[in-house]
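Engineer: following is a predicted model, sequence given first.
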Amino acid sequence: MGEKMDIIQLKNVTKRYDDGFVALKNINLTIESGKFYSLLGPSGSGKSTILRIIAGFSNPTEGQVYFDGKDITELDPAKRQINTVFQNYALFPHLNVFENVAFGLKIKKRSIKDIKVAVKDALHMVRLDGFANREISELSGGQQQRVAIARAIVNEPKVLLLDESLSALDKRLRKEMQFELRAIQKKLGITFIFVTHDQEEALSMSDEIFVLNDGKIQQSGSPVNIYDEPINDFVARFIGDSNILPGRMIKDFEVEFANKHFQCADAGMKENEKVEIVIRPEDLDIVVPEKGKLVVTAQTQLFLGDHFEIKALDADENEWLIHSTNACKLNERIGLFFDPEDIHVMRLHESQADFDARLDSYEEDREND
Ligand SMILES: Nc1ncnc2c1ncn2[C@@H]1O[C@H](COP(=O)(O)OP(=O)(O)OP(=O)(O)O)[C@@H](O)[C@H]1O
């Protein structure tokens with residue numbers, strides 16, 4: 001694979017639908033060739049709208065879309081070197097696997113010989129050798145998914161868009177397809193842009209994640225970067241479990257929360273600036289009370305296979321979530337130990353009430369899924 005280059009750019013893209021609803025607010029993003037990207041966000045955050053704009057099925061109200069440095073904002077979708085795999089796969093039920101995959105090439109009037117070779121290669125790529133003559137109704141969900149991918153990659157797109165395309169699969173198959181998709185992307189070396197509202201899925205598959213909320217990009221970066229350095233409490237809560245507490249910067253590298261002063265790894269904020277601190281549950285170690293930086297009392301404990309999830313209260317009744325490989329005694333004082341770099345300090349961006357309302361609607365949507 002050659003040098004990394006920018007393949008898609010969205011510049012100041014705003015989308016206002018006919019009813020006046022603004023689904024995207026001044027989106028700027030850059031996609032490099034050969035990488036696996038996820039657009040991650042709750043329902044209604046604008047993920048599919050971005051995908052439709054990249055594919056050309058929808059036009060931005062303001063702003064430009066560039067492909068390989070050329071402005072394609074007004075270009076017909078069929079003329080873009082971009083293919084989409086839709087959530088419902090949109091396979092033709094009356095055509096068999098071969099005919100489904102061959103469809104686009106037939107429209108392009110490629111020779112029968114070429115089509116046969118290309119379809120065979122595409123089916124091989126998605127590990128469906130020998131399935132060419134099967135009817136769509138004779139395939140499992142995962143196999144249909146793979147036919148949909150074969151049908152897209154047979155056109156040799158430079159970019160493949162995948163819209164919530166694993167959401168119809170059961171959990172086990174979904175995991176399998178996550179590995180499979182990632183493997184296909186690596187083999188092909190083309191850019192994948194994957195839409196999901198599942199943070200674990202995005203974290204495990206992507207080179208880069210764009211976290212979206214309310215029509216805006218909240219944060220972009222590698223999975224590790226987004227997990228370890230969430231930029232605001234939306235991202236901190238959306239990605240993984242967190243302990244989030246109000247705090248105050250004392251000075252560089254010193255922060256106050258839970259009525260105590262702690263060393264931290266953050267600097268450059270104003271003295272007395274109000275902040276929020278994030279500590280991930282797996283960064284808390286349980287120690288004897290005398291050695292703890294904080295003393296809490298464990299209230300509940302759940303065994304989750306590879307760790308215990310413990311909920312505990314500190315002296316101010318702040319609740320702490322702890323992931324521990326060892327069990328602890330309930331209703332007894334335990335110490336919590338953490339390193340300065342495990343404290344992540346966030347500046348305040350939005351009111352708690354606004355955030356809570358959004359989180360509630362996100363959780364409702366997940367429950368309805
Ligand atoms: N044609 C339309 N007219 C008006 N509003 C629309 C239209 N299409 C989408 N929207 C609104 O734009 C917002 C973003 O929609 P979009 O489908 O991009 O979200 P999403 O993040 O992909 O959500 P989901 O995960 O539920 O698919 C939503 O509030 C949606 O109701």
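Structural biologist: Ah, there it is.

Engineer: which residues touch residue 75?
Structural biologist: Going by Cβ atoms under 8 Å, 6 or more residues apart in numbering, residue 75 touches 56, 67. In this view, the C-beta of every residue, glycine as well, is placed from N, C-alpha and C.

Engineer: per-residue confidence at it?
Structural biologist: Per-residue pLDDT puts residue 75 at 95.

Engineer: which helix or strand contains it?
Structural biologist: Assigned by DSSP states H and E, residue 75 falls within no helix or strand.

Engineer: separation between it and residue 17?
Structural biologist: Residue 75 sits 21 Å away from residue 17, taking Cβ to Cβ, to the nearest Å as the criterion.

Engineer: list phi and psi for the closest residue to residue 299 other than its chain neighbours.
Structural biologist: Counting by Cβ to Cβ, 6 or more residues apart in numbering, residue 299 lies nearest to residue 311, which is 5.1 Å off, once chain neighbours are set aside. Phi and psi for residue 311, reported as degrees, to the nearest 10, are phi -110, psi 130.

Engineer: next one: residue 311 from residue 72, what distance?
Structural biologist: Applying Cβ to Cβ, the value for residue 311 to residue 72 is 51 Å.

Engineer: tell me how many other residues crowd residue 56.
Structural biologist: By other Cβ atoms under 10 Å, 20 other residues sit near residue 56.

Engineer: can you check the one 5 residues further on too?
Structural biologist: Here the neighbour count serves as a burial measure; for residue 61 (other Cβ under 10 Å) it reads 13.

Engineer: for residue 169, same thing?
Structural biologist: So residue 169, with other Cβ under 10 Å, has 18 neighbours.

Engineer: all strands of the stretch 201-350 of the chain, in order?
Structural biologist: Under the criterion DSSP state E, counting those that start in this stretch, the stretch 201-350 of the chain contains strands at 208-213, 216-221, 243-251, 254-257, 260-263, 274-279, 285-287, 294-303, 308-314, 319-324, 333-337, 344-347.

Engineer: deepest of the ones you listed, which one?
Structural biologist: Among those, ranked by average contacts under mean count of other Cβ atoms under 10 Å, first place goes to strand 208-213 (a mean of 24).

Engineer: centre of the chain to that one, how far?
Structural biologist: Offset of strand 208-213 from its chain centre (Cα atoms, centre = their mean, to the nearest Å): 6 Å.

Engineer: with stretch 82-91 instead?
Structural biologist: That offset, for stretch 82-91, works out to 19 Å (Cα atoms, centre = their mean).

Engineer: now do the buried residues in it.
Structural biologist: Residues 82-86, 89, 91 are the ones in stretch 82-91 that count as buried (16 or more other Cβ atoms under 10 Å).

Engineer: sort out for me which of those are in helices.
Structural biologist: Within the buried residues of stretch 82-91, no residue falls in helices by DSSP state H.

Engineer: from the residues you listed, which is closest to the ligand?
Structural biologist: The ligand has its nearest neighbour among the buried residues of stretch 82-91 in residue 86, at 11.4 Å by Cβ to the nearest ligand atom.

Engineer: output the below-cut-off pLDDT ranges for the stretch 1-150 of the chain.
Structural biologist: Residue ranges of the stretch 1-150 of the chain with pLDDT under 70: 1-4.

Engineer: tell me the contacts of residue 236?
Structural biologist: Going by Cβ under 8 Å, 6+ apart, residue 236 touches 230, 242, 244, 276, 278, 344, 346.

Engineer: so which of the strands of the stretch 201-350 of the chain gets nearest the ligand?
Structural biologist: strand 208-213 (6.6 Å).

Engineer: contacts for that closest one, please.
Structural biologist: Residues contacting strand 208-213 (Cβ under 8 Å, 6+ apart): 29, 35-42, 45-47, 50, 202-203, 217-223, 226, 234-235, 238-239, 358.

Engineer: circling back to that earlier point, my guess is the residue nearest to residue 299 contacts residue 321, does it?
Structural biologist: Yes. Residue 311 is within contact range of residue 321, at 6.0 Å (criterion: Cβ atoms under 8 Å).

Engineer: next, the contact list for residue 58, please.
Structural biologist: Counting by Cβ under 8 Å, 6+ apart, residue 58 makes contact with 15, 49, 52.
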